[in-house]
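Colleague: would you be able to build a 3D model of this:
(2 chains)
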Number of protein chains: 2
Amino acid sequence: MYVVLDFETTGLDYKSEQIIEIGAVKLDQWFQEIGTFHTMVALSEHRSLPEKITELTGITELALMEGMNEVVALNMLKDFIGNDIVVAQFASFDLGFLSKVTEPELFICTRSMSQLLNPGEPASLKDLVARYDVELSGHHRSMNDVKATIEVFKAMKLRADVAMLPYTNLLFSSEERPLKFIPVNAVVANLEGYIESQKAKESESDAAEEESKEEQ
Amino acid sequence: MYVVLDFETTGLDYKSEQIIEIGAVKLDQWFQEIGTFHTMVALSEHRSLPEKITELTGITELALMEGMNEVVALNMLKDFIGNDIVVAQFASFDLGFLSKVTEPELFICTRSMSQLLNPGEPASLKDLVARYDVELSGHHRSMNDVKATIEVFKAMKLRADVAMLPYTNLLFSSEERPLKFIPVNAVVANLEGYIESQKAKESESDAAEEESKEEQ
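Modeller: Modelled structure (predicted):
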């Protein structure tokens, strides 16, 4: 049903950087964990690991020495995903790296889901775990981030389904953080525009409420 | 370096049965965990799960419903293994099922390793975790068994390396439990014969000790 995934990488740009760690969990329709795939990915020849990545993740070059080849690991991940819906925090990032081997038909970006539910509110994984009271220890290690993403995804899915908000394949783009990669089938929405429209709706409904109060 | 793996299956015979759960952990040369792969495997059409397997493992047909296709999962495992040495408790069993897609060049059977170190002693995973004081909760679920196998493997490898015993690709066959599958490159030894030879060696060295005592 779903594969929730997270990559650690040597840097932000999927065109020039590479994956160093893959974490992925497969969930069935009842959110039961029915599979996991985790691997360290070896640095390709002549590439070194930027110090700031070691600082951020705790991952060292030594830990990658016997890691899998990136393309072999990504092809395993492709098979693991099959026809499932890919779920990721800031999916544009991970789907960019994944696009070296495949592009899923369906995906859900938990960052965009948060922006849909709470327009204008901060929407990083750190913000989401705080909002939904989810534990996240060892942030920026792929399996830890995947486990936290699963929990915030479950919390937001309940809310979004009740409100009938359309989150599948949705990506918000903002002037502050434009999308480096736009996946096939993505529905790209402008975040600033959405926030404006929501504000307008709110003040409309506030006005209507005021009016109905006056009428009572 | 190593991929330690364990399968749960619908039955004992790799020719007529299928895998229902795969657990595998990749270790580097320092025994650091650098990858994991776990998946439930869907039952092939018209196959049902024997009740005794549910009793043994706790795995139900419902839990397999969205599992991976067996061949897709086995091919993922093949990529995961790469050129690593496959380690398994009673490797003949797991390598039989794995032979649907691949046969590793190098493997280590922890059951045979135990028989090599302690000829005549019981050598099931339950016996080994008791001998080496390893925790095994939830026996007969693949990831639990893999984790226990890693620990007993580490304990036995130390001992076998010190004693310079050759355990790579070694399989003991016994009249009581003949091998259903003999992997390519396997060195098959007769357990009863080995026990006899070890006893003979022991009594020889006992006799030599007696003699040397008498001489003193």
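Colleague: what packs against the single longest helix found in chain A?
Modeller: Longest helix in chain A, counting residues (DSSP state H): helix A:191-215. On a contact count with 3 or more Cβ pairs under 8 Å, 6 or more residues apart in numbering or on different chains; DSSP states H and E, helix A:191-215 meets helix A:110-117, strand A:170-173. (Each C-beta comes from the backbone N, C-alpha and C, glycine too.)
Colleague: one more time with 7 Å
Modeller: strand A:170-173 (3 or more Cβ pairs under 7 Å, 6 or more residues apart in numbering or on different chains; DSSP states H and E).
Colleague: direction included, what does the strand it packs on pair up with?
Modeller: According to DSSP bridges, strand A:170-173 forms sheet pairs with strand A:187-190 (parallel).
Colleague: in the lowest-mean-pLDDT helix or strand in chain A, what counts as buried?
Modeller: When the helices and strands of chain A are compared on mean pLDDT, DSSP states H and E, helix A:191-215 comes out lowest with a mean of 82. Applying a neighbour-count criterion of 16 or more other Cβ atoms under 10 Å in any protein chain shown, one finds A:191, A:194-195 buried in helix A:191-215.
Colleague: nearest to residue B:212, of these?
Modeller: residue A:191 (86.9 Å; Cβ to Cβ).
Colleague: report the separation between that closest one and residue A:126.
Modeller: 19 Å (Cβ to Cβ, to the nearest Å).
Colleague: for residue A:63, give me the pLDDT.
Modeller: In this model, residue A:63 is scored at 94, pLDDT.
Colleague: I'd say it and residue A:40 touch.
Modeller: Yes: using Cβ atoms under 7 Å, residue A:63 makes contact with residue A:40 at a distance of 6.0 Å.
Colleague: which strand or helix spans residue A:92?
Modeller: helix A:91-98 (DSSP states H and E).
Colleague: then that helix to PDB, C-alphas only?
Modeller: Output of helix A:91-98 as PDB, limited to C-alpha atoms (Å, rounded to 0.1, in the frame of the first residue of the first chain):
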ATOM      1  CA  ALA A  91       9.100  14.300  -1.300                       C
ATOM      2  CA  SER A  92      10.500  16.400  -4.100                       C
ATOM      3  CA  PHE A  93      14.000  15.900  -2.500                       C
ATOM      4  CA  ASP A  94      13.800  12.100  -2.200                       C
ATOM      5  CA  LEU A  95      11.900  11.500  -5.500                       C
ATOM      6  CA  GLY A  96      14.700  13.600  -7.200                       C
ATOM      7  CA  PHE A  97      17.300  11.100  -6.100                       C
ATOM      8  CA  LEU A  98      15.000   8.100  -6.700                       C
END
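Colleague: and the host helix or strand of residue A:86, what does it pack onto?
Modeller: Per DSSP H and E: residue A:86 is located in strand A:85-88. Contact analysis of strand A:85-88 by 3+ Cβ pairs under 7 Å, 6+ apart lists strand A:2-9, strand A:107-109, helix A:142-162 as its packing neighbours.
Colleague: ok, that strand: who's next to it in the sheet?
Modeller: Strand pairing (DSSP bridges) places strand A:85-88 next to strand A:2-9 (parallel), strand A:107-109 (parallel).
Colleague: now these in TSV, with mean pLDDT and mean neighbour count?
Modeller: Output for the strands paired with strand A:85-88, formatted as TSV (pLDDT from 0 to 100; neighbours: other Cβ atoms under 10 Å in any protein chain shown):
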stretch	mean pLDDT	mean neighbour count
strand A:2-9	98	24
strand A:107-109	98	26
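Colleague: so for residue A:140, which of the ones you listed sits nearest?
Modeller: Nearest to residue A:140, of the strands paired with strand A:85-88 and by Cβ to Cβ, is strand A:2-9 at 6.5 Å.
Colleague: can you list contacts of the closest one?
Modeller: With Cβ atoms under 7 Å, 6 or more residues apart in numbering or on different chains as the test, strand A:2-9 has contacts from A:17-27, A:57, A:59, A:80-81, A:84-89, A:94, A:97, A:140, A:142, A:145-146, A:149-150, A:153.
Colleague: mind redoing it with 6 Å?
Modeller: The contact list for strand A:2-9 (Cβ atoms under 6 Å, 6 or more residues apart in numbering or on different chains) reads A:17, A:19-27, A:57, A:81, A:84-88, A:94, A:97, A:142, A:145-146, A:149-150.
Colleague: give me the angle between that strand and helix A:142-162.
Modeller: 140 degrees (axes from the mean of the first three to the mean of the last three Cα atoms, to 10 degrees).
Colleague: is chain B contacted by the helix or strand just after strand A:2-9?
Modeller: Reading on from strand A:2-9 to the C-terminus, the next helix or strand found by DSSP H and E is strand A:19-27. No: using Cβ under 6 Å from any Cβ of the partner chain, strand A:19-27 stays clear of chain B, with a minimum separation of 7.0 Å.
Colleague: kindly format the C-alpha coordinates of strand A:19-27 as CSV.
Modeller: Taking Å, rounded to 0.1, in the frame of the first residue of the first chain, the C-alpha atoms of strand A:19-27 are listed here in CSV:
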residue,chain,number,x,y,z
ILE,A,19,22.7,8.9,-1.6
ILE,A,20,24.6,7.6,1.4
GLU,A,21,21.8,5.9,3.3
ILE,A,22,18.4,4.5,2.4
GLY,A,23,15.6,3.8,4.8
ALA,A,24,12.2,2.5,3.7
VAL,A,25,9.2,0.8,5.5
LYS,A,26,6.4,-0.9,3.7
LEU,A,27,2.9,-0.6,5.3
